[in-house]
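> can't give you the sequence, but here's the structure:
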């Protein structure tokens, strides 16, 4: 019997499916089809660039040179291709794109003053909140609404893509000394299953060899793609549009073959660029825990805003989450653990990464600068708790240590001109995190029987994480982890046929539930606040329909109260009792998944798709910076889905373009506590045979000796 379509009454009230419009794209007529699911067209082969001649720039009081640009009413369409890292790059012929109408706002083109570094003492920029908690909350909610896509009104974005000013994808520091890193060797034999069992991988000694493997698997290049003379890199950490706003840093005291100090990781060359050298050999040894190091993450919002406009801030936060997941898995391969430090504020992160040094960054336009995100402690698994505690006590000491020593390196500019997006600047300022007391360790999310009595039959309450009971055995658990991480790709299309077994689906979902000491969820110092709503399409042994996975028992009552009262909340047949999966409504969810994901067929042609609901209420009450953290958690969920899909023999991709309120309305979310932050899809990928794949690094890197 064919599946009954889901009730889409509310969805159809929102979508005007009969609308026909004719608009002009770069002088060519395009007619939207009646069926919004057929809303895919093709970009013209010749992409128009901004004209060479430009109005004169005027210098503002803040020293920034700007010129104002009026909106072009004849180019009111935006190419919104799949925002993933394995697609054809912008500007390549026959690029499949989506085109949606919206009003192009007036913009300000800006360029920075190119001032030489000053010999005077270096002035620093403070990253401290300039608004009250209530004002910050109001600002992030205002941004969230402003950056929401609607079926006939997209969030403000660029009217066209300005290829001449496409940001350089690699940040580098001229005149900084370099340390060449080797790639991961064949001695790293840990299996994918080993990464989900504590103690299964003995810790490797800290040194140039292990750090080379770590950065390759966390933030390094995994391949180059080529087509029609164009060439672009893929990385271990995925990114919306392959634009990679996330930068990585290393702060290390003692490591064989690595000088003590602060280093920037340049993935293009697989090298560390030394930004800061301590004044003495023991300066950092006194401040950093023995055998541990810090990884710093920062974002360049302009890299995403160049293509996506105001919504880019969301995508940058997703990418931080992707990077956190990649860092945690890279650490697990080496028998290490990794945890995001909760207490440091953005001002601490900025100071420890040297991002606040005006004398170094004065050569850049403001948009080319990096915004501090977070600090991650990496240490042997058995010592991670002590390392985190030591860092919490020694944060001020570490900041003091960086006041001395020698700084070097000049950052490269990314674009000759920039478009200012004030909404991004506003939300970034509102979501600045101050230094806070560290959160108490979250209670272990060890699933229980749903009546709250007795231990779970699958995962015992006294489970210590050392055996195969750590999580359900997955079909790819015997695969070597290093090749699996290197092969991760983003699907650009699904075949509409490949499915998964219910058992594989259950084991995949089981990995999304945090457990003590198990990667990647022990990287986050808070309890789960993001819960997947699943559009099940092609799973053998599980009826199609709409499902929800509660990643914490505490989410059950708030979710049930928030979602539509008519939902069934049935337990699927065959689902392990330790997995809090509920069927909300049975039926064909493909049309809803496609329509809610900006009419992208990749959401309906997969085995299943995901909408990630975040619990905003309690989080944002603590501070507006939690808006960023919730996106980080969603991004980490995405990174895990990416790798679990590879382990299961299929492929996944994130979907950044979705109609937030269509999902909210269909789910019956009448108030703003739960909000949709990210979409994902998993299934059988259709490979683009036009593309040629090359290794991530050439012989000059692969031949480096450990």
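Arrived safely, thanks for sending. The shown structure was predicted, so the numbers you read here are calculated from the model rather than taken from an experiment.
> gap between stretch 368-382 and the chain center?
Here stretch 368-382 shows a centroid-to-chain-centroid distance of 14 Å under the convention Cα atoms, centre = their mean, to the nearest Å.
> could you give the number of residues near residue 564?
Here the number of neighbours of residue 564 (other Cβ atoms under 10 Å) works out to 16. C-beta here means a position set from N, CA and C on the backbone, and glycine is covered the same way.
> actually residue 163, not the one I typed
By the measure other Cβ under 10 Å, the count of residues near residue 163 is 14.
> now do the one 4 residues further on
A count of nearby residues for residue 167, using other Cβ under 10 Å, gives 22.
> now the closest residue to it other than its chain neighbours: how far from residue 364?
Nearest non-adjacent residue to residue 167, counting by Cβ to Cβ, 6 or more residues apart in numbering: residue 414, 4.2 Å away. The gap separating residue 414 from residue 364 is 8 Å, by Cβ to Cβ, to the nearest Å.
> residue contacts, the residue nearest to the spatial centre of the chain?
In the chain, the C-alpha nearest the mean C-alpha coordinate belongs to residue 319, at 2.2 Å (Cα atoms, centre = their mean). Residue 319 makes contact with 237, 238, 239, 240, 244, 245, 246, 299, 304, 635 under the criterion Cβ atoms under 8 Å, 6 or more residues apart in numbering.
> so the fifth one touches residue 169, yeah?
Yes. Judged on Cβ atoms under 8 Å, residue 244 makes contact with residue 169 at a distance of 5.5 Å.
> more neighbours: which of those two?
Between residue 244 and residue 169, counting by other Cβ under 10 Å, residue 244 is the more crowded of the two (26 against 17).
> and the more buried one, what does it touch?
With Cβ under 8 Å, 6+ apart as the criterion, the residues that contact residue 244 are 169, 235, 237, 303, 319.
> where does residue 672 land in three-state SS?
For residue 672, the secondary-structure state derived from DSSP: H, G, I helix; E, B strand; the rest coil is coil.
> that one: neighbouring residues, count only.
The burial metric for residue 672, expressed as a neighbour count using other Cβ under 10 Å, is 14.
> what's the pLDDT at it?
Predicted confidence (pLDDT) at residue 672: the value is 82.
> just the one 5 residues further on next, same as before
For residue 677, the model assigns a pLDDT of 97.
> please compute how far stretch 356-363 lies from its chain's middle.
Here the centre of mass of C-alpha atoms in stretch 356-363, compared against the chain's by Cα atoms, centre = their mean, lies 27 Å away.
> if we can go back for a sec, run a quick neighbour tally on the residue nearest to residue 167.
Neighbour count of residue 414, defined by other Cβ under 10 Å: 22.
> which residues sit in contact with it?
167, 168, 171, 300, 302, 303, 364, 367, 368.
> return the subset of these lying in helices.
When the contacts of residue 414 are checked against helices using DSSP state H, the ones located there are 302, 303.
> how about the contacts of residue 319 in TSV, adding secondary structure and pLDDT?
As requested, the contacts of residue 319 are exported to TSV (DSSP: H, G, I helix; E, B strand; the rest coil; pLDDT from 0 to 100):
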residue	secondary structure	pLDDT
237	coil	97
238	coil	96
239	coil	96
240	helix	92
244	coil	96
245	coil	98
246	strand	98
299	strand	98
304	helix	97
635	helix	98
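> and those residues, which of them are buried?
Neighbour-count burial (16 or more other Cβ atoms under 10 Å) applied to those gives 237, 238, 239, 240, 244, 245, 246, 299, 304, 635.
> and which of those residues is nearest residue 595?
Closest to residue 595 out of those is residue 240 (20.9 Å), distances taken as Cβ to Cβ.
> for residue 650, the count of nearby residues, please.
By other Cβ under 10 Å, 22 other residues sit near residue 650.
> if we can go back for a sec, and the buried ones among the contacts of residue 319 as CSV, adding distance to residue 527?
Conversion of the buried ones among the contacts of residue 319 to CSV gives the following (distance: Cβ to Cβ, whole Å):
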residue, distance to residue 527
237, 24
238, 25
239, 27
240, 27
244, 30
245, 27
246, 25
299, 25
304, 29
635, 17
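> pick the one among these closest to residue 403.
Using Cβ to Cβ, residue 299 is the member of the buried ones among the contacts of residue 319 that sits closest to residue 403, with 25.1 Å.
> ok now do that closest one, which residues does it touch?
For residue 299, the residues meeting the contact criterion (Cβ under 8 Å, 6+ apart) are 245, 246, 247, 316, 317, 319, 320, 370, 371, 373.
> which one of the residues you listed sits closest to residue 342?
Looking at those and their distance to residue 342, the nearest is residue 373, at 13.2 Å (Cβ to Cβ).
> helix, strand, or coil at the closest one?
Taking three-state DSSP as the rule, one finds residue 373 in the strand state.
> so what pairs up with the nearest residue to it once chain neighbours are set aside in the strands?
When the adjacent residues along the chain are set aside, residue 373 lies closest to residue 297, with 4.3 Å between them (Cβ to Cβ, 6+ apart). Using DSSP bridges, the beta-bridge partners of residue 297 come out as residue 248, residue 374.
> would you mind splitting this structure into its domains for me?
Following automatic domain parsing, one finds the domains of the chain at 161-441, 487-683.
> okay, the ones you listed in CSV with distance to residue 695 next?
Rendered in CSV, the data for the domains of the chain read as follows (distance: least, Cβ to Cβ, whole Å):
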stretch, distance to residue 695
domain 161-441, 7
domain 487-683, 12
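> residue 145 is nearest to which of those domains?
With Cβ to Cβ, the closest approach to residue 145 among these belongs to domain 487-683: 9.0 Å.
> next, the distance between the ends of that closest one.
16 Å (Cα to Cα, to the nearest Å).
> quick one: residue 328 and residue 523 touch, right?
Yes. In this structure, residue 328 sits in contact with residue 523. The criterion is Cβ under 8 Å, and the distance is 4.1 Å.
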